[in-house]
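Participant: this is the structure alone, sequence omitted:
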(Lines give C-alpha, C1' and ligand atoms only; values in the text may rest on other atoms or scores of the structure.)
Protein backbone atom coordinates (compact mmCIF):
# COMPACT_ATOMS: atom_id res chain seq x y z
CA UNK A 1 0.00 0.00 0.00
CA UNK A 2 1.14 3.53 -0.78
CA UNK A 3 0.34 7.03 0.42
CA UNK A 4 -1.18 9.88 -1.54
CA UNK A 5 -1.24 13.48 -0.32
CA UNK A 6 -4.66 15.10 -0.59
CA UNK A 7 -4.37 18.88 -0.94
CA UNK A 8 -8.14 19.22 -1.22
CA UNK A 9 -9.67 22.49 -2.32
CA UNK A 10 -8.93 25.96 -0.98
CA UNK A 11 -10.82 27.76 1.72
CA UNK A 12 -11.19 31.54 1.70
CA UNK A 13 -7.52 31.90 0.72
CA UNK A 14 -4.86 29.62 -0.78
CA UNK A 15 -3.05 27.57 1.88
CA UNK A 16 0.39 28.89 2.78
CA UNK A 17 2.31 25.64 3.32
CA UNK A 18 1.49 23.66 0.18
CA UNK A 19 5.00 23.71 -1.28
CA UNK A 20 6.51 22.48 1.98
CA UNK A 21 4.00 19.61 2.16
CA UNK A 22 4.62 18.58 -1.44
CA UNK A 23 8.39 18.65 -0.96
CA UNK A 24 8.09 16.47 2.14
CA UNK A 25 5.77 14.05 0.33
CA UNK A 26 8.19 13.71 -2.59
CA UNK A 27 11.12 13.26 -0.21
CA UNK A 28 9.46 10.59 1.95
CA UNK A 29 8.13 8.37 -0.84
CA UNK A 30 4.50 9.38 -1.22
CA UNK A 31 3.20 7.96 -4.50
CA UNK A 32 0.92 10.83 -5.57
CA UNK A 33 -0.50 14.24 -4.77
CA UNK A 34 -4.13 15.12 -5.43
CA UNK A 35 -6.12 18.34 -5.68
CA UNK A 36 -9.90 18.71 -5.44
CA UNK A 37 -12.57 21.25 -6.35
CA UNK A 38 -15.97 22.28 -5.06
CA UNK A 39 -17.12 25.80 -6.01
CA UNK A 40 -13.93 27.81 -5.55
CA UNK A 41 -10.44 26.69 -6.55
CA UNK A 42 -10.23 24.23 -9.44
CA UNK A 43 -8.49 20.85 -9.43
CA UNK A 44 -6.12 21.19 -12.39
CA UNK A 45 -4.33 24.52 -11.86
CA UNK A 46 -2.75 23.67 -8.46
CA UNK A 47 -1.41 20.41 -9.87
CA UNK A 48 0.19 22.18 -12.82
CA UNK A 49 1.66 24.88 -10.57
CA UNK A 50 2.87 22.85 -7.61
CA UNK A 51 3.52 19.70 -9.63
CA UNK A 52 6.36 21.46 -11.40
CA UNK A 53 8.25 21.21 -8.11
CA UNK A 54 8.10 17.41 -8.28
CA UNK A 55 9.77 14.83 -10.49
CA UNK A 56 8.38 11.50 -9.31
CA UNK A 57 4.95 11.74 -7.70
CA UNK A 58 1.83 11.22 -9.75
CA UNK A 59 -0.56 14.17 -10.03
CA UNK A 60 -4.25 13.47 -9.64
CA UNK A 61 -7.59 15.22 -9.49
CA UNK A 62 -9.75 14.02 -6.62
CA UNK A 63 -12.11 14.89 -8.00
CA UNK A 64 -12.67 17.01 -11.09
CA UNK A 65 -16.42 17.55 -11.30
CA UNK A 66 -18.09 16.31 -14.48
CA UNK A 67 -20.40 19.28 -14.80
CA UNK A 68 -17.57 21.80 -14.56
CA UNK A 69 -16.30 20.98 -18.05
CA UNK A 70 -17.38 19.18 -21.18
CA UNK A 71 -15.74 15.76 -21.63
CA UNK A 72 -13.48 17.09 -24.37
CA UNK A 73 -12.38 20.05 -22.23
CA UNK A 74 -11.53 17.68 -19.39
CA UNK A 75 -9.58 15.44 -21.78
CA UNK A 76 -7.65 18.52 -22.99
CA UNK A 77 -6.71 19.44 -19.41
CA UNK A 78 -5.67 15.89 -18.60
CA UNK A 79 -3.55 15.36 -21.70
CA UNK A 80 -1.89 18.75 -21.17
CA UNK A 81 -1.03 17.94 -17.55
CA UNK A 82 0.21 14.51 -18.60
CA UNK A 83 2.63 16.03 -21.12
CA UNK A 84 3.86 18.68 -18.69
CA UNK A 85 4.50 16.08 -15.98
CA UNK A 86 6.09 13.44 -18.20
CA UNK A 87 3.22 10.97 -17.91
CA UNK A 88 2.29 11.33 -14.25
CA UNK A 89 -1.35 12.48 -14.48
CA UNK A 90 -4.31 10.66 -12.96
CA UNK A 91 -7.74 11.88 -14.00
CA UNK A 92 -10.08 11.51 -11.04
CA UNK A 93 -13.71 12.33 -11.87
CA UNK A 94 -16.93 12.60 -9.90
CA UNK A 95 -20.50 13.74 -10.39
CA UNK A 96 -20.69 15.93 -7.24
CA UNK A 97 -24.30 16.51 -6.08
CA UNK A 98 -27.42 18.29 -7.26
CA UNK A 99 -26.89 21.39 -5.13
CA UNK A 100 -23.54 22.08 -6.83
CA UNK A 101 -24.38 20.75 -10.29
CA UNK A 102 -27.64 22.64 -10.66
CA UNK A 103 -26.92 25.55 -8.33
CA UNK A 104 -23.34 26.36 -9.37
CA UNK A 105 -22.86 24.91 -12.84
CA UNK A 106 -26.43 25.36 -14.04
CA UNK A 107 -26.56 21.81 -15.38
CA UNK A 108 -29.11 19.04 -14.78
CA UNK A 109 -28.07 16.41 -12.24
CA UNK A 110 -30.36 13.62 -13.47
CA UNK A 111 -29.00 10.22 -14.53
CA UNK A 112 -25.51 10.55 -13.01
CA UNK A 113 -24.54 6.94 -13.86
CA UNK A 114 -25.41 7.32 -17.54
CA UNK A 115 -23.69 10.71 -17.68
CA UNK A 116 -20.54 9.27 -16.14
CA UNK A 117 -20.43 6.39 -18.62
CA UNK A 118 -20.80 8.73 -21.61
CA UNK A 119 -18.30 11.21 -20.21
CA UNK A 120 -15.59 8.60 -19.64
CA UNK A 121 -16.18 7.11 -23.09
CA UNK A 122 -15.63 10.48 -24.78
CA UNK A 123 -12.51 11.22 -22.73
CA UNK A 124 -11.07 7.86 -23.74
CA UNK A 125 -11.82 8.57 -27.42
CA UNK A 126 -9.93 11.87 -27.18
CA UNK A 127 -6.95 10.21 -25.51
CA UNK A 128 -6.91 7.34 -28.01
CA UNK A 129 -6.87 9.79 -30.95
CA UNK A 130 -7.82 7.03 -33.35
CA UNK A 131 -10.56 8.97 -35.17
CA UNK A 132 -12.47 12.26 -35.00
CA UNK A 133 -14.49 12.18 -31.80
CA UNK A 134 -18.21 11.61 -32.11
CA UNK A 135 -20.86 10.57 -29.63
CA UNK A 136 -24.53 9.74 -30.11
CA UNK A 137 -25.17 9.67 -26.37
CA UNK A 138 -28.13 11.36 -24.74
CA UNK A 139 -26.07 13.71 -22.57
CA UNK A 140 -22.96 14.71 -24.53
CA UNK A 141 -23.77 14.45 -28.22
CA UNK A 142 -20.91 15.26 -30.58
CA UNK A 143 -21.23 17.10 -32.88
CA UNK A 144 -23.94 19.05 -31.08
CA UNK A 145 -27.31 18.73 -32.84
CA UNK A 146 -29.69 20.13 -30.21
CA UNK A 147 -31.64 23.38 -29.98
CA UNK A 148 -29.84 26.26 -31.66
CA UNK A 149 -27.41 24.04 -33.56
CA UNK A 150 -26.11 25.50 -36.84
CA UNK A 151 -25.48 22.09 -38.34
CA UNK A 152 -21.87 23.11 -38.99
CA UNK A 153 -20.32 21.14 -36.16
CA UNK A 154 -17.38 19.02 -37.27
CA UNK A 155 -15.94 15.93 -35.57
CA UNK A 156 -12.36 16.62 -34.52
CA UNK A 157 -9.29 14.89 -33.15
CA UNK A 158 -7.05 16.65 -30.61
CA UNK A 159 -4.29 18.67 -32.27
CA UNK A 160 -1.87 17.55 -29.57
CA UNK A 161 -1.04 13.85 -29.66
CA UNK A 162 -1.76 12.59 -26.12
CA UNK A 163 1.25 11.20 -24.33
CA UNK A 164 -0.69 8.19 -23.03
CA UNK A 165 -3.85 6.77 -24.53
CA UNK A 166 -4.28 4.78 -21.31
CA UNK A 167 -3.96 7.75 -18.93
CA UNK A 168 -5.62 6.34 -15.79
CA UNK A 169 -9.16 7.43 -14.99
CA UNK A 170 -10.33 6.96 -11.41
CA UNK A 171 -13.90 7.64 -10.32
CA UNK A 172 -15.24 8.96 -7.04
CA UNK A 173 -18.16 6.70 -6.13
CA UNK A 174 -20.17 6.05 -2.99
CA UNK A 175 -23.23 3.88 -3.71
CA UNK A 176 -23.37 0.24 -4.87
CA UNK A 177 -24.40 0.94 -8.48
CA UNK A 178 -21.80 3.68 -8.87
CA UNK A 179 -19.01 1.55 -7.39
CA UNK A 180 -19.93 -1.39 -9.64
CA UNK A 181 -19.85 0.86 -12.70
CA UNK A 182 -16.50 2.24 -11.55
CA UNK A 183 -15.06 -1.27 -11.44
CA UNK A 184 -16.41 -1.85 -14.95
CA UNK A 185 -15.23 1.29 -16.78
CA UNK A 186 -12.44 2.88 -14.73
CA UNK A 187 -8.88 2.17 -13.63
CA UNK A 188 -9.40 3.00 -9.97
CA UNK A 189 -11.91 3.89 -7.27
CA UNK A 190 -11.61 7.05 -5.17
CA UNK A 191 -13.36 5.86 -2.02
CA UNK A 192 -14.62 8.33 0.58
CA UNK A 193 -15.53 7.21 4.11
CA UNK A 194 -14.09 3.75 3.50
CA UNK A 195 -14.53 1.43 6.50
CA UNK A 196 -12.33 -1.71 6.44
CA UNK A 197 -14.91 -3.71 8.40
CA UNK A 198 -17.25 -3.38 5.39
CA UNK A 199 -14.71 -4.67 2.86
CA UNK A 200 -16.94 -7.65 2.10
CA UNK A 201 -19.76 -5.35 1.03
CA UNK A 202 -17.45 -3.20 -1.11
CA UNK A 203 -15.98 -6.31 -2.73
CA UNK A 204 -19.44 -7.50 -3.75
CA UNK A 205 -20.06 -4.18 -5.51
CA UNK A 206 -16.64 -4.22 -7.16
CA UNK A 207 -16.87 -7.86 -8.22
CA UNK A 208 -20.18 -7.16 -9.94
CA UNK A 209 -18.44 -4.56 -12.08
CA UNK A 210 -15.35 -6.67 -12.77
CA UNK A 211 -17.61 -9.51 -13.96
CA UNK A 212 -19.41 -7.44 -16.58
CA UNK A 213 -18.72 -8.11 -20.25
CA UNK A 214 -16.06 -5.72 -21.51
CA UNK A 215 -14.87 -4.70 -18.02
CA UNK A 216 -11.67 -2.71 -18.37
CA UNK A 217 -9.75 -4.25 -15.47
CA UNK A 218 -9.83 -6.90 -12.78
CA UNK A 219 -8.97 -6.81 -9.13
CA UNK A 220 -5.26 -7.43 -9.74
CA UNK A 221 -4.71 -4.21 -11.72
CA UNK A 222 -7.40 -1.95 -10.25
CA UNK A 223 -6.46 0.74 -7.71
CA UNK A 224 -8.49 1.58 -4.61
CA UNK A 225 -7.56 4.94 -3.08
CA UNK A 226 -9.30 5.51 0.23
CA UNK A 227 -9.49 9.01 1.67
CA UNK A 228 -8.97 8.98 5.43
CA UNK A 229 -7.92 11.23 8.26
CA UNK A 230 -4.67 9.77 9.63
CA UNK A 231 -2.95 11.50 12.56
CA UNK A 232 -0.08 10.26 14.72
CA UNK A 233 -0.93 11.72 18.12
CA UNK A 234 -0.87 11.14 21.85
CA UNK A 235 -4.32 12.73 22.06
CA UNK A 236 -6.68 10.68 19.86
CA UNK A 237 -9.68 11.95 21.83
CA UNK A 238 -8.82 15.51 20.81
CA UNK A 239 -8.71 14.50 17.14
CA UNK A 240 -12.05 12.73 17.44
CA UNK A 241 -13.53 15.88 18.98
CA UNK A 242 -12.21 17.97 16.10
CA UNK A 243 -13.69 15.55 13.59
CA UNK A 244 -17.15 15.69 15.15
CA UNK A 245 -17.69 19.16 13.70
CA UNK A 246 -16.45 18.26 10.21
CA UNK A 247 -18.43 15.01 10.17
CA UNK A 248 -21.65 16.68 11.28
CA UNK A 249 -21.23 19.23 8.48
CA UNK A 250 -20.94 16.53 5.81
CA UNK A 251 -23.79 14.48 7.24
CA UNK A 252 -26.11 17.39 7.89
CA UNK A 253 -25.08 20.16 5.53
CA UNK A 254 -23.25 18.88 2.44
CA UNK A 255 -26.31 17.98 0.42
CA UNK A 256 -30.03 18.56 0.35
CA UNK A 257 -32.07 17.11 3.24
CA UNK A 258 -33.79 14.75 0.80
CA UNK A 259 -30.58 13.75 -1.05
CA UNK A 260 -27.24 13.67 0.75
CA UNK A 261 -24.86 11.04 -0.59
CA UNK A 262 -22.48 11.39 2.38
CA UNK A 263 -25.30 10.72 4.82
CA UNK A 264 -26.32 7.66 2.81
CA UNK A 265 -22.79 6.24 3.12
CA UNK A 266 -22.95 6.39 6.91
CA UNK A 267 -26.41 4.84 6.88
CA UNK A 268 -24.99 1.89 4.95
CA UNK A 269 -22.43 1.53 7.74
CA UNK A 270 -25.28 1.00 10.18
CA UNK A 271 -25.61 4.51 11.60
CA UNK A 272 -29.10 5.27 10.30
CA UNK A 273 -30.56 6.48 13.59
CA UNK A 274 -27.51 8.63 14.37
CA UNK A 275 -27.47 10.15 10.86
CA UNK A 276 -31.13 11.14 11.13
CA UNK A 277 -30.51 12.80 14.50
CA UNK A 278 -27.40 14.65 13.31
CA UNK A 279 -29.13 15.81 10.13
CA UNK A 280 -32.20 17.09 11.98
CA UNK A 281 -30.10 19.03 14.50
CA UNK A 282 -27.81 20.51 11.84
CA UNK A 283 -30.67 21.59 9.60
CA UNK A 284 -32.38 23.19 12.59
CA UNK A 285 -29.31 25.37 13.13
CA UNK A 286 -28.28 23.49 16.27
CA UNK A 287 -24.79 22.79 15.00
CA UNK A 288 -23.05 22.27 18.34
CA UNK A 289 -25.66 19.67 19.29
CA UNK A 290 -25.30 18.03 15.87
CA UNK A 291 -21.55 17.71 16.41
CA UNK A 292 -22.05 16.32 19.91
CA UNK A 293 -24.41 13.68 18.51
CA UNK A 294 -21.67 12.16 16.32
CA UNK A 295 -20.55 8.95 18.08
CA UNK A 296 -16.85 8.12 18.40
CA UNK A 297 -17.29 4.86 16.48
CA UNK A 298 -18.70 6.64 13.43
CA UNK A 299 -15.49 8.65 13.22
CA UNK A 300 -12.99 5.89 14.00
CA UNK A 301 -14.59 3.58 11.43
CA UNK A 302 -13.13 5.78 8.70
CA UNK A 303 -10.18 7.53 10.38
CA UNK A 304 -7.02 6.60 12.26
CA UNK A 305 -5.81 8.51 15.35
CA UNK A 306 -3.22 7.29 17.82
CA UNK A 307 0.44 6.60 18.47
CA UNK A 308 2.70 5.14 15.80
CA UNK A 309 2.05 1.53 16.80
CA UNK A 310 -1.71 2.01 16.66
CA UNK A 311 -1.58 3.83 13.33
CA UNK A 312 0.66 1.15 11.82
CA UNK A 313 -1.74 -1.60 12.93
CA UNK A 314 -4.80 0.20 11.59
CA UNK A 315 -3.11 0.97 8.27
CA UNK A 316 -2.51 -2.75 7.86
CA UNK A 317 -6.25 -3.30 8.29
CA UNK A 318 -6.93 -0.94 5.36
CA UNK A 319 -4.30 -2.74 3.27
CA UNK A 320 -5.69 -6.19 4.11
CA UNK A 321 -9.14 -4.92 3.09
CA UNK A 322 -7.86 -4.23 -0.42
CA UNK A 323 -6.88 -0.56 -0.29
CA UNK A 324 -3.86 0.18 -2.51
CA UNK A 325 -3.44 3.83 -1.53
CA UNK A 326 -4.29 5.82 1.59
CA UNK A 327 -5.17 9.31 0.44
CA UNK A 328 -4.55 11.56 3.43
CA UNK A 329 -4.58 15.22 4.38
CA UNK A 330 -1.95 16.37 6.85
CA UNK A 331 -1.64 19.48 8.98
CA UNK A 332 2.10 20.01 8.52
CA UNK A 333 5.25 18.48 7.05
CA UNK A 334 6.36 17.04 10.40
CA UNK A 335 3.14 15.02 10.66
CA UNK A 336 3.66 13.80 7.10
CA UNK A 337 7.17 12.62 7.92
CA UNK A 338 5.87 10.72 10.96
CA UNK A 339 3.24 8.92 8.90
CA UNK A 340 5.37 8.09 5.83
CA UNK A 341 7.36 5.17 7.37
CA UNK A 342 4.28 3.42 8.78
CA UNK A 343 3.46 1.25 5.75
CA UNK A 344 5.63 -1.28 3.97
CA UNK A 345 6.04 -0.49 0.30
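Facilitator: Cool, got the structure. The shown structure was predicted, so the numbers you read here are calculated from the model rather than taken from an experiment. Numbering: from 1, shown residues only.
Participant: for the rest of this, base every contact and every neighbour count on C-alpha atoms.
Facilitator: Fine.
Participant: and the strands in the stretch 151-300 of the chain, which stretches?
Facilitator: Taking DSSP state E, counting those that start in this stretch, the strands of the stretch 151-300 of the chain run over residues 169-172, 188-192, 223-232.
Participant: contacting residues for the closest residue in space to residue 300 that isn't next to it in sequence?
Facilitator: Leaving out its chain neighbours, the residue that sits closest to residue 300 by C-alpha to C-alpha, 6 or more residues apart in numbering is residue 240, at 7.7 Å. For residue 240, the residues meeting the contact criterion (C-alpha atoms under 8 Å, 6 or more residues apart in numbering) are 296, 299-300, 305.
Participant: and residue 50, by the same measure?
Facilitator: By C-alpha under 8 Å, 6+ apart, the residues touching residue 50 are 18-19, 22.
Participant: what about 10 Å?
Facilitator: 18-19, 22-23, 33, 59 (C-alpha atoms under 10 Å, 6 or more residues apart in numbering).
Participant: likewise residue 69?
Facilitator: Counted by C-alpha under 10 Å, 6+ apart, residue 69 has contacts 75, 77, 105.
Participant: nearest residue to residue 336 other than its sequence neighbours?
Facilitator: Residue 336's closest residue in space is residue 330 (C-alpha to C-alpha, 6+ apart), at 6.2 Å.
Participant: about what we covered before: and the contacts of residue 240, which is closest to residue 92?
Facilitator: Nearest to residue 92 among these, counting by C-alpha to C-alpha, is residue 299 at 25.0 Å.
Participant: distance of the residue nearest to residue 300 from residue 295?
Facilitator: The spacing between residue 240 and residue 295, counted by C-alpha to C-alpha, to the nearest Å, is 9 Å.
Participant: quick one on the thing from earlier: tell me, how many residues neighbour the residue nearest to residue 336?
Facilitator: 17 (other C-alpha atoms under 10 Å).
Participant: quick one: residues contacting it.
Facilitator: 5-7, 21, 229-231, 336-337, 339.
Participant: next: residue 324.
Facilitator: By C-alpha under 10 Å, 6+ apart, the neighbours of residue 324 are 1-3, 188, 222-226, 318.
Participant: picking up where we left off before, what subset of the contacts of residue 240 is buried?
Facilitator: Among the contacts of residue 240, those classed as buried by 16 or more other C-alpha atoms under 10 Å are 299-300, 305.
Participant: just send these back as CSV, with distance to residue 323 and pLDDT too.
Facilitator: Listed next are the buried ones among the contacts of residue 240 as CSV, based on distance: C-alpha to C-alpha, whole Å; pLDDT from 0 to 100:
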residue, distance to residue 323, pLDDT
299, 18, 94
300, 17, 95
305, 18, 96
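Participant: of the contacts of residue 324, closest to residue 65?
Facilitator: When the contacts of residue 324 are compared for distance to residue 65 (C-alpha to C-alpha), residue 188 wins out at 16.2 Å.
Participant: so the closest one makes contact with residue 223?
Facilitator: Yes - if you go by C-alpha atoms under 10 Å, residue 188 and residue 223 touch, sitting 4.3 Å apart.
Participant: okay, these two: which has more neighbours?
Facilitator: residue 188 (25 against 21).
Participant: before we move on, back to that, inside helices: which ones of the contacts of residue 69?
Facilitator: 75, 77 (DSSP state H).
Participant: filter the contacts of residue 69 down to the buried ones and hand me the ChimeraX line.
Facilitator: Buried members of the contacts of residue 69, defined by 16+ other C-alpha under 10 Å, are picked up in ChimeraX with:
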select :75,77,105
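Participant: looking at this, residue 344 is in a helix?
Facilitator: No - assigned with DSSP: H, G, I helix; E, B strand; the rest coil, residue 344 falls outside any helix and is coil.
Participant: count the neighbours of it for me.
Facilitator: 9.
Participant: give me the nearest residue to it, chain neighbours excluded.
Facilitator: Once flanking residues are discounted, residue 344 sits nearest to residue 1: 7.0 Å by C-alpha to C-alpha, 6+ apart.
Participant: next, count neighbours for the one you found.
Facilitator: 18.
Participant: so what's the residue lying closest to residue 322 once chain neighbours are set aside up against?
Facilitator: Ranked by C-alpha to C-alpha, 6+ apart and with sequence neighbours excluded, the top spatial neighbour of residue 322 is residue 224, at 7.2 Å. Contact partners of residue 224, counting by C-alpha under 10 Å, 6+ apart, are 1, 170-171, 183, 187-191, 319, 322-327.
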